[in-house]
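K.L.:
dropping a prediction and its sequence here:
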Amino acid sequence: MPEKRVVLANCGVIDPKDIASYIDRDGFKALKKALRLPVEQVIGEIKASGLRGRGGAGFPCGLKWDLASKAKGDEKYVICNADEGEVGTFKDRYILENDPFSLIEGIAIAGHAIGARKAYIYLRAEYRFLLDLLEKAIAQSKKRGFLKHLDIEIRQGAGAYVCGEESALMDSIEGKRGEVRYRPPFPPTSGLWGKPTIINNVETLMNVSRIVLKGAEWFEQMGTEKSKGTKVFSVSGDVGKPGVYELVLGSSLRELVEELARAEKVQAVQVGGATGRIIPGDMLDTPLSFETILGAGAITVFDKSRDMIDIVYRTMEFLAEESCGKCAPCREGTEAMVEILERFSKGEGLEKDIAVLEELADTMMLASMCGLGQAAPIPVMDSLQHFRGVYDNRISQS
Amino acid sequence: MSKIGEGTKPQSQEKRDLLVLLERAQSRSGYLSQETVAELAESLGLSISEVYGVASFYSFLSIKPQGRNVIRICKSIPCYLKDSQTIIEGVRKAIGIKPGETTADGRFSFELTNCIGACDRAPAMMINDDVHVDLTPKKISQILKAYK
């Protein structure tokens, strides 16, 4: 399937500093249309499109909006998750740099749909250089009268991977440590300050104006049965042309990494960042979709010169460092895995370590409070499955 | 010693603004001193440990004095694949300190950080809010010159 620019349609085409260039490309037409429609119809359109969250979890966007819209309470919030911290992800940076207006339009439509008067964009600290551009884009949209129903405020993160997780993100906006919350209740009924809240990824919101303008039918013709539309991928590592690529969902990993990003001699690809699946080089025909592999679209390519255990060890070190520490399976499990993987990386593994890794993985996946701990063992288990020989060679002979 | 509330309106400060207030104090004084933490706790009606808990949680907030310029080199996998080790080594030689340290003249603090979202142009680093990409050991001294 070909490259298709839906989310990125305006990137490199409009001037991100000038709202007029966006309006010339049908900018804010979708918002005008949505404001004239009953909210049920707007939400119905998003539901019918099959749009699912692009931040990794893939929750149906229309359903989320519907829950928040129907939730009791006159104070509701929209949060745009721009805390793009997943290792190897930079698509949202590219989107924010090139087309902040489509995002603002998506947020404005979301606000109308759920009946929120306040929205936050939670921008990671590492992207502070984008603050000025974003603030100016909001100011221009306000001046043109597009934000009469909704106030959009940018909140800056302060450097914490876990704050990309939605409940930790809300705690951070509330001025606290970014620690994960117990659920239920879920944000659409009790989110920011206990009020009904929707949290959508930048890329999810980018799709909204397209769907409202062109219709659900147009959107749901793209993709697979359970993965509609396109996905924006961030490709890096051992490739000739690293960068941001948008493909129709269901396209193969091979098309993305070999044909577009020009990877050669692929040993493995990690799909979805630090906690993503590791796909060996002989499985590149795997389609990219919610049914198979996707995550937030981070694609890290490793060629045949790389030591996969070293990669997995360093990845686990990262996860141990970024674990918020609230629940024991994640806090202790990641540390224990680091200790074992470090020994394997030095050729000092023990026979019994493999079973310990598997037992730790079971506990972490089952008992961790959030996606970080639940998914942290994935690269370890995948590498054990596909590169078991490498582990066996690192078992100490002494 | 300056009061933390100066320049802001203390009466409008709320618990919910704690992170924003910490970020502001950090950008004003370069770090969050024990006094800052204590004053903020008192003005917001929070315990010192609560404020300290937030101040020490985030990697871009610092509870120890920092240099005028903070260098953060990305140590995550995509940059590692593009030899970020040579950049870390290059900066170490250029300013004579290890990650986690601050130069004696207070010009630089040196840290390693996790993915900064510049993997398409790795290896990359941040100095203050600026992102520097496509780094080579040769480029380092030229880049550092701009930060006094």
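P.N.:
Received, thanks.

K.L.:
show me what contacts A:Ile114?
P.N.:
Shown in contact with A:Ile114 (Cβ atoms under 8 Å, 6 or more residues apart in numbering or on different chains): A:Val39, A:Trp65, A:Ala68, A:Ser69, A:Lys76, A:Val78, A:Pro196, A:Ile198. Bear in mind the C-beta positions are built from the backbone N, C-alpha and C, glycine included.

K.L.:
looking at those, which are in helices?
P.N.:
The members of the contacts of A:Ile114 that map onto helices under DSSP state H are A:Val39, A:Trp65, A:Ala68, A:Ser69.

K.L.:
just among these, which is most surrounded?
P.N.:
Using other Cβ atoms under 10 Å in any protein chain shown as the neighbour criterion, A:Ala68 leads the ones in helices among the contacts of A:Ile114 with 28 neighbours.

K.L.:
wait, does stretch A:2-20 contact chain B?
P.N.:
No. Stretch A:2-20 does not reach chain B (Cβ under 8 Å from any Cβ of the partner chain); its nearest approach is 13.7 Å.

K.L.:
alpha carbons only: can I get that stretch in PDB?
P.N.:
Once side chains and other backbone atoms are set aside, the C-alpha atoms of stretch A:2-20 remain, and they are given as PDB (Å, rounded to 0.1, in the frame of the first residue of the first chain):
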ATOM      1  CA  PRO A   2       1.300   3.400  -0.800                       C
ATOM      2  CA  GLU A   3       2.400   6.400   1.200                       C
ATOM      3  CA  LYS A   4      -0.600   8.600   1.800                       C
ATOM      4  CA  ARG A   5      -0.600  12.000   3.400                       C
ATOM      5  CA  VAL A   6      -3.800  12.500   5.400                       C
ATOM      6  CA  VAL A   7      -2.400  13.600   8.800                       C
ATOM      7  CA  LEU A   8       0.600  15.200   7.200                       C
ATOM      8  CA  ALA A   9      -1.300  16.800   4.300                       C
ATOM      9  CA  ASN A  10      -0.300  20.300   5.200                       C
ATOM     10  CA  CYS A  11       3.200  19.600   6.400                       C
ATOM     11  CA  GLY A  12       5.700  21.400   4.200                       C
ATOM     12  CA  VAL A  13       2.800  23.000   2.300                       C
ATOM     13  CA  ILE A  14       1.500  25.700   4.700                       C
ATOM     14  CA  ASP A  15       3.400  28.200   6.700                       C
ATOM     15  CA  PRO A  16       3.100  27.100  10.300                       C
ATOM     16  CA  LYS A  17       3.600  30.700  11.400                       C
ATOM     17  CA  ASP A  18       0.700  32.100   9.300                       C
ATOM     18  CA  ILE A  19      -2.900  31.100   9.800                       C
ATOM     19  CA  ALA A  20      -3.900  32.500   6.400                       C
END
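
K.L.:
in the stretch 251-398 of chain A, where is pLDDT below threshold?
P.N.:
Segments of the stretch 251-398 of chain A classed as low confidence (criterion: pLDDT under 70) are A:398.

K.L.:
flag every residue of it that's near chain B.
P.N.:
Taking Cβ under 8 Å from any Cβ as the test, the list of the stretch 251-398 of chain A residues beside chain B reads A:Gln270, A:Ala274, A:Thr300, A:Phe302, A:Arg306, A:Ile311, A:Arg314, A:Thr315, A:Phe318, A:Glu321, A:Glu322.

K.L.:
which among these count as buried?
P.N.:
The neighbour count (16 or more other Cβ atoms under 10 Å in any protein chain shown) marks A:Gln270, A:Ala274, A:Thr300, A:Phe302, A:Arg306, A:Ile311, A:Arg314, A:Thr315, A:Phe318, A:Glu322 as buried among these.

K.L.:
what are the contacting residues of the helix or strand hosting the first one?
P.N.:
What that stands for is A:Gln270. Under the criterion DSSP states H and E, the helix or strand holding A:Gln270 is strand A:266-271. Residues from elsewhere that reach strand A:266-271 (Cβ under 8 Å, 6+ apart): A:88, A:238, A:253, A:257-258, A:276-281, A:284, A:288, A:293-295, A:298-306, A:308, A:311, A:315, A:379, A:386-387, B:77.

K.L.:
quick one: buried residues of that strand?
P.N.:
Going by neighbour count (16+ other Cβ under 10 Å), the buried part of strand A:266-271 is A:Val266, A:Gln267, A:Ala268, A:Val269, A:Gln270, A:Val271.

K.L.:
okay, now the sheet partners of it, with direction.
P.N.:
Here the strand partners of strand A:266-271, with direction, are listed using DSSP bridges: strand A:277-280 (antiparallel), strand A:298-303 (antiparallel).

K.L.:
what's the most buried one of the ones you listed?
P.N.:
Neighbour counts (mean count of other Cβ atoms under 10 Å in any protein chain shown) averaged over each of these peak at strand A:298-303, with a mean of 26.

K.L.:
so which elements touch whichever helix or strand comes after it?
P.N.:
The C-terminal neighbour of strand A:298-303 among helices and strands, as given by DSSP H and E, is helix A:308-322. Other helices and strands packing on helix A:308-322, by 3 or more Cβ pairs under 8 Å, 6 or more residues apart in numbering or on different chains; DSSP states H and E, are strand A:266-271, helix A:328-345, helix A:378-386, helix A:388-393, helix B:77-80.

K.L.:
out of those, which gets nearest to A:Glu165?
P.N.:
Of all the helices and strands packed on helix A:308-322, the one in closest proximity to A:Glu165, counting by Cβ to Cβ, is helix A:328-345 (11.3 Å).

K.L.:
which elements pack onto that closest one?
P.N.:
Under the contact criterion of 3+ Cβ pairs under 8 Å, 6+ apart, the helices and strands touching helix A:328-345 comprise helix A:308-322, helix A:353-367, helix A:371-375.

K.L.:
any idea of the pLDDT on residue 129?
P.N.:
You didn't pick a chain, so chain A it is. A:Phe129 is assigned a predicted lDDT (pLDDT) of 97.

K.L.:
hmm, I had chain B in mind actually
P.N.:
For B:Asp129, the pLDDT comes out at 94.

K.L.:
and it, how close does it get to B:Arg72?
P.N.:
10 Å (Cβ to Cβ, to the nearest Å).

K.L.:
show me which of these two is the more surrounded one.
P.N.:
Remark: of B:Asp129 and B:Arg72, B:Arg72 carries more neighbours, 24 against 15, as counted by other Cβ under 10 Å.

K.L.:
just to revisit the earlier point, pull the CA atoms of the strand holding A:Gln270 into CSV?
P.N.:
Provided in CSV are the C-alpha atoms of strand A:266-271 (Å, rounded to 0.1, in the frame of the first residue of the first chain):
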residue,chain,number,x,y,z
VAL,A,266,18.0,-6.0,8.7
GLN,A,267,18.6,-8.1,11.8
ALA,A,268,15.5,-6.9,13.7
VAL,A,269,13.1,-4.0,14.0
GLN,A,270,11.6,-2.7,17.2
VAL,A,271,8.1,-1.4,16.6
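
K.L.:
and the residue nearest the centre of chain B, what pLDDT?
P.N.:
Among the residues of chain B, the one closest to the centroid is B:Phe60, at 4.5 Å (Cα atoms, centre = their mean). Among the per-residue scores, B:Phe60 shows a pLDDT of 94.
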